[in-house]
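S.K.: The following comprises the amino acid sequence and a computationally predicted model.
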Amino acid sequence: NPEIRPPHRRVLSAAFTFALNLLFGLGLRYYNGITVIRTDALRTVPLSTRGFAYMASILIRLLKPGHTYQEIGINLKYRPGGRSKAFVPSNVVSVFRTILALYFEMRSQRDIVTVRKL
């Protein structure tokens, strides 16, 4: 039921998901929802950010090497008050920096694997 979120929030979430799927070759529907991860798998992932992109970073680091996932939809609840802090400038910059660093990290790992295969 994403329609309970304001239109601008749906557009930004869709753009974020599209960009991550494009950059990392994945096909997730959403990166910032409730997530359950096996402890042994999570311990293999460096937790390098505390910003709003932390879950996307974890998921990408788990999925690229071959971990599997199952997406299950949940009903969202209307937010009765307050505003999201996700879109303040400092958080947007933090997300951008995290994703950019992760992209170059994954790219360098791919290049190392390619060189080893040669």
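M.R.: Yep, it's here.
S.K.: going forward, measure contacts and count neighbours with C-alpha atoms only.
M.R.: OK.
S.K.: What residues of the biggest helix by length in the chain count as buried?
M.R.: In the chain, with assignment by DSSP state H, the single longest helix is helix 89-117. Using 16 or more other Cα atoms under 10 Å as the test for burial, helix 89-117 gives 92, 94, 95, 98, 99, 102, 103, 106.
S.K.: Just send the residues you listed back as TSV, with distance to residue 49 and pLDDT too.
M.R.: TSV is the format used below for the buried residues of helix 89-117 (distance: Cα to Cα, whole Å; pLDDT from 0 to 100):
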residue	distance to residue 49	pLDDT
92	13	87
94	9	89
95	9	90
98	7	91
99	10	93
102	10	92
103	14	93
106	16	87
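S.K.: could you dump those to JSON lines with distance to residue 86?
M.R.: As requested, those are exported to JSON lines (distance: Cα to Cα, whole Å):
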{"residue": "92", "distance to residue 86": "7"}
{"residue": "94", "distance to residue 86": "10"}
{"residue": "95", "distance to residue 86": "9"}
{"residue": "98", "distance to residue 86": "14"}
{"residue": "99", "distance to residue 86": "15"}
{"residue": "102", "distance to residue 86": "19"}
{"residue": "103", "distance to residue 86": "21"}
{"residue": "106", "distance to residue 86": "25"}
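S.K.: what helices or strands is the longest helix of the chain leaning on?
M.R.: Helices and strands touching helix 89-117, by 3 or more Cα pairs under 8 Å, 6 or more residues apart in numbering; DSSP states H and E, are helix 54-63.
S.K.: list the buried ones in the helix it packs on?
M.R.: Neighbour-count burial for helix 54-63 flags 54, 55, 56, 57, 58, 59, 60, 61, 62 (criterion: 16+ other Cα under 10 Å).
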